[in-house]
Every structure is written in structure tokens, then in C-alpha cells.
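J.: with the sequence up front, the predicted model follows.
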Amino acid sequence: MKRITQLPRRPLLSDELVALDDRLVSAVPYGGITDNDEVRFYAIKIATTTGAHALGYDDAEGHWQHLASTDSTDLDAADSQLDVVLDDWVQSTYTRQFDVVKAL
């Protein structure tokens, strides 16, 4: 498994999220903003050998933020804990314009 050392300085597109999942144990979308029939993913969950993590892209800050981590290396086990953090972050950062996807 490879470490994530760099993400684009923008939200991920669907094909980029799929490619990220191919390189890691697991990467799944949480949600994003629909633009011209494509979703730009602003919030994702990833699992590595060190744990599961919630990441969010903040337009105002212009970069990805590490929002939370768990010791679990299984996204299914960490899902509800990470979703609580992402739910709060989405509401405070994007309010109504954010489409919660939680599946691809």
C-alpha cells in the first residue's frame, strides 16, 4: 500500500477517486458538489495501514484538510465515526450547496 503524499489542489473528479482507490487499500467518496452533470468530490474517506481518515477540501482555504482519523484500517468499521465528523464539517463549510453522496 502506498501513502497519499499529494492530492490535487482542488476537489477530486470521479475518475481520480477511482484511481486513488486502485493505489490504496480503500478510498471512498463522502460527497461533493454537482457541476455540469459531474460530481466534484470535496469530502472523502480513505483507509491505510495506519488507520482510516476523513479528508475535506475547503475552497476558502484552497487545500485539503485532514479532518479525523481512527485506528481502524477498515472503512466499514470506521464509517459511522468518520461520517459524524464529515457531517459537521459539511454543514459548517458548505451548508446547502453540498450534495452528500456517500457512495459511488
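T.: Yes, it's here.

J.: what pairs with the residue nearest the centre of the chain across the strands?
T.: Taking C-alpha atoms, centre = their mean, the centroid of the chain lies closest to I44, which sits 0.9 Å from it. With DSSP bridges as the criterion, I44 is bridged to P29, L55.

J.: quick check, Y30 in contact with A52.
T.: No. Counting by C-beta atoms under 8 Å, A52 is not a contact partner of Y30; they are 12.0 Å apart. Glycine gets a C-beta too; all of them are placed from N, C-alpha and C.

J.: anything in contact with each of those two?
T.: Shared contacts of Y30 and A52, defined by C-beta atoms under 8 Å, 6 or more residues apart in numbering, are found at K45, L82.

J.: on that earlier part again, check what pLDDT the residue nearest to the centre of the chain gets.
T.: Turning to I44, the model gives it a pLDDT of 91.

J.: you'd agree it is up against Y30?
T.: Yes. If you go by C-beta under 8 Å, I44 and Y30 touch, sitting 5.9 Å apart.

J.: which residues do these two both contact?
T.: In contact with both I44 and Y30: A54, using C-beta under 8 Å, 6+ apart.

J.: now the strands for this protein?
T.: 26-35, 38-48, 51-58, 63-70, 99-100 (DSSP state E).

J.: show me the contact partners of the lengthiest helix in the chain.
T.: The longest helix of the chain (DSSP state H) is helix 75-93. Outside helix 75-93, the residues that touch it by C-beta under 8 Å, 6+ apart are 26, 28, 30-31, 43, 45-47, 51-54, 56, 58, 60, 67-68, 70, 72, 98, 100, 102.
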